[in-house]
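1. Structure here, sequence nowhere to be found:
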Ligand code: MG
């Protein structure tokens, strides 16, 4: 039996059993991304960005199409009322699925200019939506409708859906992509995947301290990720960072020590915690959706 994990620090065994196997739940998509666990019906919703579809998966029925075309939807998350909030490359917007099923645009501009192509998002405990806005939906063929970049850079935004207020909270990154808060929301981790555009450029995760719930300070490189890119990431209840990479989901302690890898046979794009008992890790990679059981209990 092939080993499902690589271990660099014995503490990896507090996260996962060495004999656990990776399960392939679905395949046949073009580019899976943005998994979000839906506790209500024990399902996973995920995007096929370049396939221009939004999928749902559950253990009983397998895969179903939820939205087609999906306007090249990418990252997905649940808001505090259980509504799906998503990044739309095609609409260059943050969108939300209302309780009646209708999709609405929450925000598509910053300082009167169109957003680039929102990539990934998280909802903070105060209901604000934090999202990254690299231009991949404009620059990568088949990941959007193209178009001109109107923003002066690729920013990370904080958007308040109650007031409509939008602030650029990080302006220094080249291609911010995945993001996640620490469990107490004192640290925001953001991946930079500028290596996609420039081979000599970044493939790392930066960390920022959050003060007054709105301002990010103390910018630093948390970890350089290889092989490939750190695209989507999540933080577990203990504060460990689970990041995507070309060959695996890699697990880092909050002090930056790499504990190990969950090996995946396709390039990992994103991941989320879930399962009825909170012990499942769902992984979007290449054309597929995978899952593996963890020892620790987590919520995304
Ligand atoms: Mg991404």
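-> Good, I have the coordinates. These numbers come from a predicted model, not from an experiment.

2. Please make it C-alpha for all contacts and neighbour counts, starting now.
-> Will do.

3. near the ion, which residues of the stretch 151-300 of the chain?
-> 177, 231 (C-alpha under 5 Å from the ion).

4. what about the strands in the stretch 151-300 of the chain?
-> In the stretch 151-300 of the chain, the strands defined using DSSP state E, counting those that start in this stretch lie at 156-159, 166-170, 176-181, 187-192, 204-211, 215-224, 233-235, 241-244, 248-252, 258-263, 268-274, 280-285, 288-293.

5. need these in JSON lines with mean neighbour count, can you?
-> Putting the strands of the stretch 151-300 of the chain into JSON lines (neighbours: other C-alpha atoms under 10 Å) gives the following:
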{"stretch": "strand 156-159", "mean neighbour count": "23"}
{"stretch": "strand 166-170", "mean neighbour count": "17"}
{"stretch": "strand 176-181", "mean neighbour count": "28"}
{"stretch": "strand 187-192", "mean neighbour count": "24"}
{"stretch": "strand 204-211", "mean neighbour count": "19"}
{"stretch": "strand 215-224", "mean neighbour count": "15"}
{"stretch": "strand 233-235", "mean neighbour count": "26"}
{"stretch": "strand 241-244", "mean neighbour count": "28"}
{"stretch": "strand 248-252", "mean neighbour count": "25"}
{"stretch": "strand 258-263", "mean neighbour count": "21"}
{"stretch": "strand 268-274", "mean neighbour count": "27"}
{"stretch": "strand 280-285", "mean neighbour count": "26"}
{"stretch": "strand 288-293", "mean neighbour count": "21"}
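
6. I'd like these as TSV, with mean pLDDT and distance to residue 39 appended.
-> Converted to TSV, the strands of the stretch 151-300 of the chain look like this (pLDDT from 0 to 100; distance: least, C-alpha to C-alpha, whole Å):
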stretch	mean pLDDT	distance to residue 39
strand 156-159	98	25
strand 166-170	98	29
strand 176-181	98	19
strand 187-192	98	24
strand 204-211	97	28
strand 215-224	98	31
strand 233-235	97	17
strand 241-244	98	20
strand 248-252	98	23
strand 258-263	98	24
strand 268-274	98	8
strand 280-285	98	12
strand 288-293	98	16
